[in-house]
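**Q** Please work out how this folds:
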Amino acid sequence: MKALVKLTSTFFYAGFFPKMPGTAGSAAGLLLALLVSGNVAVYLATLAILVILSILVIRPAEILFGKKDSGHIVIDEAAGIMTALLLIPARPVPVIIAFVLFRAFDIIKPFPVRRLEGIHSPFGVILDDIAAGIYANLMVRVALIWF
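**A** Predicted coordinates:
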């Protein structure tokens, strides 16, 4: 069971990347998003599965790693970047902008993202990334309209 928790919570071990594991988890999530981007139903199902898995494995992973919201836990970043890319054209410029904005919002945590992070449960760990993904998604949509 510990091996399964480690595998999923680190998003296939991306969370063990030595530098910036959150960015590595986001990059791994980006690859998954691009892989399923051709089918909206599959994309939404994949995102839903990631969110559900996050909720299920975050607490056991925190116990396993001995720390609340350990840097090794990056499944939430994978779900966040998939949110950022939801229904965004899978072209290089929008994808790169979405990735950069998602990482910025995930790190800076503008209102109410920081409040969501403060929820003391797995929901707090995942919801701040989903909110950062929504912010990034909306910003990319605005940019696509303007440019």
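
**Q** Every contact and neighbour count from this point should use C-alpha atoms.
**A** Will do.

**Q** got the CA coordinates for the helix or strand of the chain with the lowest mean pLDDT in PDB?
**A** When the helices and strands of the chain are compared on mean pLDDT, DSSP states H and E, helix 113-117 comes out lowest with a mean of 76. The C-alpha coordinates for helix 113-117 follow below in PDB (Å, rounded to 0.1, in the frame of the first residue of the first chain):
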ATOM      1  CA  VAL A 113      -5.900  30.600  -3.100                       C
ATOM      2  CA  ARG A 114      -3.900  31.100   0.100                       C
ATOM      3  CA  ARG A 115      -7.200  30.700   2.100                       C
ATOM      4  CA  LEU A 116      -7.900  27.400   0.400                       C
ATOM      5  CA  GLU A 117      -4.500  26.100   1.200                       C
END
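
**Q** List the buried residues of it.
**A** 113-114, 116-117 (16 or more other CA atoms under 10 Å).

**Q** Just flag the most distant two among these.
**A** 113 and 117 (6.4 Å; CA to CA).

**Q** what number of residues lie near residue 109?
**A** Neighbour count of residue 109, defined by other CA atoms under 10 Å: 19.
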